[in-house]
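*Asks:* Give me coordinates for this.
(4 chains)
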There are 2 protein chains.
Amino acid sequence: MRDDPTHLAEQVSTVLRHLVFLLRRTVAGQPITSQQYGVLGSLEHGPRRMTELAEEHAVQLPTMTVQINRLEEAGLVTRGSDPADARVRTVELTVDGRERLLAVRRARIGHLTRELAALTEDERATLAAALPVLAKLGRS
Amino acid sequence: MRDDPTHLAEQVSTVLRHLVFLLRRTVAGQPITSQQYGVLGSLEHGPRRMTELAEEHAVQLPTMTVQINRLEEAGLVTRGSDPADARVRTVELTVDGRERLLAVRRARIGHLTRELAALTEDERATLAAALPVLAKLGRS
DNA sequence: GCGGAATATTAGCCTGACTAAGTTAGTTGG
DNA sequence: CCAACTAACTTAGTCAGGCTAATATTCCGC
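*Replies:* Residues are numbered from 1 along each chain as shown, chains lettered A, B, ... in the order given. As a prediction, the model looks like this:
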């Protein structure tokens, strides 16, 4: 019964709750919220339109509007317009925004890196093997 | 470099963000929020005091007060008093609360179970092996 | 060129987190 | 023994971040 789905589900559920917890604390005290960080990440490779951002973050458009408003006030992004379609607003990283994104990424990755470095090589290998499986969950 | 902590950290970070996402959606549409579910779970084995609950959920006391207020209004918990110390308020599951807890647990576990059942046996084994490692993260 | 579809924004509401301040009850020291 | 301190909660006020409904603007097909 070691691979019994129900039993496994209880364990996964417990571990995930623990990790959610961890993730929330990881970003505490940083200059932007985790949502804002996520949005900045979406802008890394060029301007995006509002609907794209909303879909990518599985959020309604009004919610994204508010997020972008805040990022714009903070000077991290700028709004533009699509020359081909005046209905479309584009959003783009400012120089400050790109710097902030990289700084936060370094901090976040650094945090996790330290925790992972404390594991044994075997444990890291086990973890690495499980990542594709975890990523698969929820795609159903 | 397959077990390079920095590289692994980036992947873990990405997968965790995905899973957080999944978790939030999993509970959507259920009769109580995931926070409320967590609190009910803490009460499963008997009455607890407010400070205990707040600490256990890493939340300030006022936040817990509000949560308990809602649960009490919903008839899922009752407040009592510690006969030995009149400053202390205790919180306890009602019969309804216990039923709700079990119902939600069944629903949540069921959801995950279905997703896990869709995996191969090998994938489940890989996942099971990684759980202890994941649980270890964040304990540092 | 008009009506319907697409794109955003604004407004209003909810949850859940926080801090600051207030209340009530125990504890301790002069 | 009572004044001051500490502990346990609650209340009030603020903020982020999510939602839906309503509104403006622009595009497109006929």
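
*Asks:* Is there any residue in stretch A:55-64 that contacts chain B?
*Replies:* Yes: residues of stretch A:55-64 contacting chain B under CB under 8 Å from any CB of the partner chain: A:Ala58. C-beta coordinates here come from the backbone N, C-alpha and C atoms, glycine included.

*Asks:* Buried by neighbour count: which residues of that stretch qualify?
*Replies:* Counting neighbours by 16 or more other CB atoms under 10 Å in any protein chain shown, one finds that the buried residues in stretch A:55-64 are A:57, A:59, A:64.

*Asks:* ok, and the closest non-adjacent residue to the residue positioned nearest the centre of chain A?
*Replies:* What sits nearest the mean C-alpha location of chain A, by CA atoms, centre = their mean, is A:Gly38, with 4.0 Å. With sequence-adjacent residues excluded and distances taken as CB to CB, 6 or more residues apart in numbering or on different chains, A:Gly38 is closest to A:His57, at 6.2 Å.

*Asks:* show me the contacts for that neighbour.
*Replies:* Contacts for A:His57 (CB atoms under 8 Å, 6 or more residues apart in numbering or on different chains) come out as A:35, A:38-39, A:42, A:64.

*Asks:* could you redo the last one with a cut-off of 7 Å?
*Replies:* Shown in contact with A:His57 (CB atoms under 7 Å, 6 or more residues apart in numbering or on different chains): A:38-39, A:64.

*Asks:* Let me know the pLDDT of it.
*Replies:* Per-residue confidence (pLDDT) for A:His57: 92.

*Asks:* repeat for A:Ala107
*Replies:* Model confidence at A:Ala107 (pLDDT) stands at 83.

*Asks:* before we move on, what about A:Leu134?
*Replies:* 84.

*Asks:* Likewise for the one 3 residues further on?
*Replies:* Looking at A:Leu137, its pLDDT reads 76.

*Asks:* again, but for A:Ser34
*Replies:* 83.

*Asks:* Now for it, how many residues are close by?
*Replies:* 17 (other CB atoms under 10 Å in any protein chain shown).

*Asks:* Check the gap between the closest residue to A:Tyr37 other than its chain neighbours and DNA strand C for me.
*Replies:* Closest residue to A:Tyr37 apart from its sequence neighbours, by CB to CB, 6+ apart: A:Val104 at 5.3 Å. Look at A:Val104 and DNA strand C: by CB to the nearest atom of the strand, to the nearest Å, they are 20 Å apart.

*Asks:* name the helices or strands packed onto the helix or strand hosting A:Val104?
*Replies:* Using DSSP states H and E, A:Val104 sits within helix A:95-117. Judged by 3 or more CB pairs under 7 Å, 6 or more residues apart in numbering or on different chains; DSSP states H and E, helix A:95-117 is in contact with helix A:5-27, helix A:34-42, helix B:5-27.

*Asks:* and those helices as TSV, adding distance to B:Thr78?
*Replies:* Compiled in TSV, these are given as follows (distance: least, CB to CB, whole Å):
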stretch	distance to B:Thr78
helix A:5-27	25
helix A:34-42	36
helix B:5-27	24
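
*Asks:* Can you tell me which of those is nearest to B:Leu119?
*Replies:* B:Leu119 lies closest to helix A:5-27 among these, at 8.2 Å (CB to CB).

*Asks:* Tell me where the model's unsure across chain A.
*Replies:* A:1-4, A:22-30, A:138-140 (pLDDT under 70).

*Asks:* what number of residues lie near the residue lying closest to A:Val20 once chain neighbours are set aside?
*Replies:* Leaving aside its chain neighbours, A:Val20 sits nearest to B:Val20 (5.4 Å; criterion: CB to CB, 6+ apart). B:Val20: 16 surrounding residues under other CB under 10 Å.
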